[in-house]
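> From the sequence below, what's the structure:
(3 chains)
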Amino acid sequence: MAKRIDLKDLNVFYGAFKAVEDVTMTVEPRSVTAFIGPSGCGKSTLLRTLNRMHEVIPGGRIEGSVHLDDDDIYAANVDPVAVRRTVGMVFQRPNPFPTMSIADNVAAGLRLNGLKNKKVLAEKVEASLRSANLWNEVKDRLSKPGAGLSGGQQQRLCIARAIAVEPQVLLMDEPCSALDPISTLAIEDLVTELKSTYTILIVTHNMQQAARVSDRTAFFNLAATGKAGRLIEMDDTQKMFSNPTQRTTEDYVSGRFG
Amino acid sequence: MSVTHMSSDSDLNAWPGSPASGFGHRSRGRTLRNALARAVMWTAFAVAMVPLAWILWSVVSKGGHMLLDSHWWANSQRGITNRIVGGGAVHAIQGTLIQGLVTALMAVPIGVMTAIYLVEYGRGRLAKVVSFTVDILTGIPSIVAALFVYAVWVTAFGFQRVAFAVCLALVLLMIPVVVRSTEEMLKLVPNELREAAYALGVPKWKTIMRIVLPTAFAGIITGVLLGLARIMGETAPLLILGPYTKNIATDLFGGLMPTLPTMINQDRTEVLQPAVDRVWGAAATLILLILALNIAGRLIARYGKLKN
Amino acid sequence: MPSITGVSAVDELPGPEGHGPLQGDRASTGQLGDRLFSGTARGAGLLVIALVSMIAVFLLSQALPALAKDKVSFLTSTQWDVDGTPLQFGIANMLWVTVLSSAIAMLIAVPFGVGVALFITQYAPAWLSRPAATLVDLLAAVPSIVYGLWGLQVFGPHMAGVQADLERLFGWFPLFKDAGVGAASTILTVAVVLSIMVLPIVTALSREVFAQTPSSHTDAALALGATRWEMIRTAVLPFGKQGVISASMLGLGRALGETVAVMIILSALADGTSWSWSMFNGGETFASKIANNAAEFDSPQKAGAFMAAGLVLFLLTFVVNVIARIVIERQKAFTE
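Now for the predicted structure:
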């Protein structure tokens, strides 16, 4: 059920400001791709264009095209709501719905899509929590609020919530930046497991993390503050970290700037 | 070739609902409910605007012409009866302004100092109690404030019902508005400014007077103007403490002092056209005055905003 | 910017750095100037406390003698005879009219206020959002005597049709029974006007709370494929629920105490009119009763009876406001 992603000549704008310029790339299904680069280089913005979440900010728009397999997600007859169901997203800070229980959090997306059958819901909640490696920790307190969990558990809860609706693609926007090292490791293990099912894109500031979890790495940079971010180089992770083509990539991955 | 995809915000609502994409589509019910909710919110706003427009239109159409007559702004109602056209509202406008000014002179210092206490000094229980009482004061009905002043001024001290007693009741209503708006503005003053002053050896009270208050000045003025707008339209304290007269009066401690609300109240049951015109004329004048205060307050808030 | 309604959900936000301005008096130098100034500020705070306590004390002290001489039950009697001896006065009528008119007003104002607040924060195009909020605030700037005038002379007569329909359909139910009062002067008309008057209060606080919904919550809902309405239901409304409750309580407090508009619109009934549950009846609220008789506080006893009514009104609004504040505190705890 994972899909290939094709970006062609993509420019992203917020009003008159061009945030990302001229990105063309292909992401293969059932792989993990890491987006790395200094702050403000547009990697998170680019990620948000893949499920049209950038449109939530007034003035957000794109030029160019984004295809999921053969479907243009920006085609005129495409419903952004349907795109977001197909392309799941996990955010920087764990954001379970505070008024909902653990189970209700996982079921939230399913309920939105009209699933009402209690038995089916319970099954899907369990399956999603198992996939997120969280089931054993929460199975005795499914009706408790999600806010009571630790940060790492909350983030895995958010992952469970995202995969419950069976998306094709999973976008992760610095999912570990607010977590401690042990929770980070748990999430990284989970990403490695999930890639057998999903196409995963992960934005990270952590070079080791990119090296550990991803198959491919894309490096973004911007010429100067206020300029648009650009894709500098994209290649197999191993090559990117050992022998990149571009000089700036080498400088960045070796920690000389950024 | 590149295609521009315009955003959005509206796409969430106005999706055409064509099923011809590879992503499936949301169910008809969801689309319908979403559109319905959107329609309901727009309608709620539109309906809320109806009374505003209707009231303003009523007042302007029934009383607006009175404001175009120069006598309105030059004369009192002295010697004018309900059968005679003429006279003005100067006595009432003047009374309203005097009472507003006197009220502000009392309420602003108390309100600003209370806000300074809450923001700059207040810690612990006392500050909590003060903050709570300000909340209670916010919620006190104007008629209760008026009854209280009556109980003190007339019953306990045996004084007459005079303009100053009205002002005392209005002070109670104005203090919480001034406290809350000043508090909000003082909190917006960055701590760096205070620390910079302390580092220069400036005592705390001078820091507050010379640095903090001037920085928050525009916001405090806005709060005062909005507070004035609230109390100038108050009628209940006037009914109990400030009887009407047709003559110009400036004595706060003796005799009667007319105001715009009591001028309206005086003739509101009249059916003779000259009196009816004057009632709506006074209403139009009062609204004009209050709108002017509101707009002035908002303009100051917008253009005098803290720059940081 | 301070709101004209004088209410704010953020009135106890910490300073820009997350802690209050320099803690306590540690920055004071102990000089005479500092001591005088801080003393004055503290004095102003104490004055406010004193004023509010005095309101309760004075009303109580002047109401008690009259209450002691009251020959009927103050709470349950429908009589109001304060001219002769013995004194016979009770608040049952006023309590019912006050509560009924405010309750109907809230039934109208709360859904509308929430709808308008959602419109301003979630639906209005960017250029309209601020002006829309300002326009709704302007409803609070209209003086209550103008509401009264407009309600009785302009708006009230239009209620005749509504009243006739309701009486025809539900007349069998006491609440909707015809009471022989003109449509412009009924409790229902007052309630509708009150609902317009409290709408800006409900809207102002609700929109403030809705606007504070963390974007992480709304993002989470949208990323799951929620429509705008579903996002509001899963993220905005649960977050703003307590804000809406406290906004409603503050609005209720205002409706209970509104004086002049009620006094002008509502037709006061003659003494001895038989009890009616109907919303098409006239009557008097606490506030309008006091205002209607303002000219006649000639004896301490008489004044005392009205002070007693005022005291009940004070307690009623006090309780409502305290509940509102408690709920706001919870909201703050929830936000942090």
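> Determine the set of other helices and strands touching the host helix or strand of A:Ala127.
Per DSSP states H and E, A:Ala127 falls inside helix A:118-131. Packing partners of helix A:118-131 (3 or more CB pairs under 8 Å, 6 or more residues apart in numbering or on different chains; DSSP states H and E): helix A:102-112, helix A:135-138, helix A:151-164. Heads up, the C-betas are built off the backbone N, CA and C, glycines and all.
> ok, the last one near chain C or not?
Yes: part of helix A:151-164 sits near chain C under the criterion CB under 8 Å from any CB of the partner chain, namely A:Cys158, A:Arg161, A:Ala162.
> tell me which residues of the helix or strand hosting B:Gly223 are tucked away?
Element membership for B:Gly223 (DSSP H and E) is helix B:217-232. Under the neighbour-count criterion of 16 or more other CB atoms under 10 Å in any protein chain shown, helix B:217-232 has B:218-232 buried.
> same deal with stretch B:202-221?
Quick answer for stretch B:202-221 (16+ other CB under 10 Å): B:202-205, B:207-208, B:211-213, B:215-216, B:218-221.
> These also near chain C: which ones?
B:Pro203, B:Lys204, B:Trp205, B:Thr207, B:Ile208, B:Gly219.
> for residue 169, what are its contacts?
Because you didn't say which chain, this covers chain A. A:2-3, A:5, A:50-51, A:68, A:86-88, A:198-201 (CB atoms under 8 Å, 6 or more residues apart in numbering or on different chains).
> oops, chain C please
For C:Leu169, the contact set (CB under 8 Å, 6+ apart) comprises C:Phe176.
> ok, so what distance separates whichever residue of the stretch 151-258 of chain A sits closest to chain B from B:Gln273?
Across the stretch 151-258 of chain A, the shortest distance to chain B (CB to the nearest CB) belongs to A:Gln168, at 9.2 Å. Applying CB to CB, to the nearest Å, the value for A:Gln168 to B:Gln273 is 76 Å.
> which bits of the stretch 101-250 of chain A sit near chain C?
Counting by CB under 8 Å from any CB, the stretch 101-250 of chain A sits next to chain C at A:Ala108, A:Gly109, A:Leu112, A:Asn113, A:Cys158, A:Arg161, A:Ala162, A:Val165.
> what's A:Gly88 sitting at in phi/psi?
Dihedral pair for A:Gly88: phi -80, psi 160, per degrees, to the nearest 10.
> Check A:Tyr14 too.
phi -120, psi 100.
> Just give the number of residues close to it.
The tally of other residues near A:Tyr14 (other CB atoms under 10 Å in any protein chain shown) stands at 15.
> Now do the strands in chain B.
Secondary structure of chain B (DSSP state E): strands located at B:4-5.
> Just the buried residues of the longest helix along it, please?
Longest helix of chain B, by residue count under DSSP state H: helix B:28-67. Buried residues in helix B:28-67, counted by 16+ other CB under 10 Å: B:30-31, B:33-35, B:37-38, B:40-41, B:44-45, B:48-49, B:51-52, B:55-56, B:58-60, B:62-63, B:66-67.
> and chain C, which of these reach it?
Checking the buried residues of helix B:28-67 against chain C by CB under 8 Å from any CB, the ones in range are B:30-31, B:33-34, B:37-38, B:40-41, B:44-45, B:48-49, B:51-52, B:55, B:58-59.
> Look up the closest residue to the residue nearest to the spatial centre of chain C, ignoring the ones flanking it.
Note on chain C: the residue nearest the mean C-alpha position is C:Arg254, at 2.0 Å, using CA atoms, centre = their mean. Nearest-residue entry for C:Arg254: C:Val198, 5.2 Å, with adjacent residues in sequence omitted and distances by CB to CB, 6 or more residues apart in numbering or on different chains.
> Okay, and that neighbour sits in which element?
Secondary structure (DSSP H and E) places C:Val198 in helix C:187-211.
> For the next helix or strand after that helix, name the packing helices and strands.
Next helix or strand after helix C:187-211 toward the C-terminus (DSSP H and E): helix C:215-223. Judged by 3+ CB pairs under 8 Å, 6+ apart, helix C:215-223 is in contact with strand A:87-90, helix A:151-164, helix C:228-231.
> In contact with the residue nearest to the centre of chain C, which residues are there?
C:Arg254 touches B:Gly139, B:Pro141, C:Met197, C:Val198, C:Ile201, counting by CB under 8 Å, 6+ apart.
> my read is it is in a helix, agree?
Yes: under DSSP: H, G, I helix; E, B strand; the rest coil, C:Arg254 falls within a helix.
> Against C:Ala261, how distant is it?
11 Å.
> what do you get for B:Ile300?
In terms of CB to CB, B:Ile300 sits 29 Å off from C:Ala261.
> Can you classify A:Gly64 by secondary structure?
strand.
> Could you tell me how far it is located from A:Ala228?
13 Å.
> Same question for C:Ala295.
75 Å.
> And for A:Thr26?
Applying CB to CB to A:Thr26 and A:Ala228 gives a distance of 21 Å.
> Settle it for me: which of these two has more neighbours?
A:Ala228 (19 against 13).
> for the stretch 151-258 of chain A, what spans make up the strands?
In the stretch 151-258 of chain A, the strands defined using DSSP state E, counting those that start in this stretch lie at A:169-173, A:199-203, A:216-222, A:229-236.
> Mean pLDDT and distance to C:Val236 added to those, as JSON lines?
Shown next, in JSON lines, are those (pLDDT from 0 to 100; distance: least, CB to CB, whole Å):
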{"stretch": "strand A:169-173", "mean pLDDT": "95", "distance to C:Val236": "22"}
{"stretch": "strand A:199-203", "mean pLDDT": "95", "distance to C:Val236": "27"}
{"stretch": "strand A:216-222", "mean pLDDT": "93", "distance to C:Val236": "33"}
{"stretch": "strand A:229-236", "mean pLDDT": "94", "distance to C:Val236": "31"}
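> out of those, nearest to A:Glu123?
Checking the strands of the stretch 151-258 of chain A against A:Glu123 by CB to CB gives strand A:169-173 as the closest, at 20.9 Å.
> Buried residues, the closest one. List them.
Along strand A:169-173, these residues count as buried under the neighbour rule (16+ other CB under 10 Å): A:Val169, A:Leu170, A:Leu171, A:Met172, A:Asp173.
> Up against chain A, what does the stretch 51-200 of chain C have?
So far as CB under 8 Å from any CB goes, the stretch 51-200 of chain C lies against chain A at C:Ala126.
> Show me where the stretch 51-200 of chain C has its strands.
C:80-81, C:88-89.
> Kindly reformat the ones you listed as CSV containing distance to chain B.
Output for the strands of the stretch 51-200 of chain C, formatted as CSV (distance: least, CB to the nearest CB, whole Å):
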stretch, distance to chain B
strand C:80-81, 16
strand C:88-89, 16
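> For chain B, what's the nearest residue on chain A?
A:Asp71 (3.4 Å).
> Report the beta-bridge partners for that residue.
Taking DSSP bridges as the rule, A:Asp71 bridges to A:Leu68.
> Pretty sure it sits against A:Asn77.
No: using CB atoms under 8 Å, A:Asp71 is not in contact with A:Asn77; the gap is 10.4 Å.
> Isn't C:Leu60 up against C:Gly310?
No: using CB under 8 Å, C:Leu60 is not in contact with C:Gly310; the gap is 10.3 Å.
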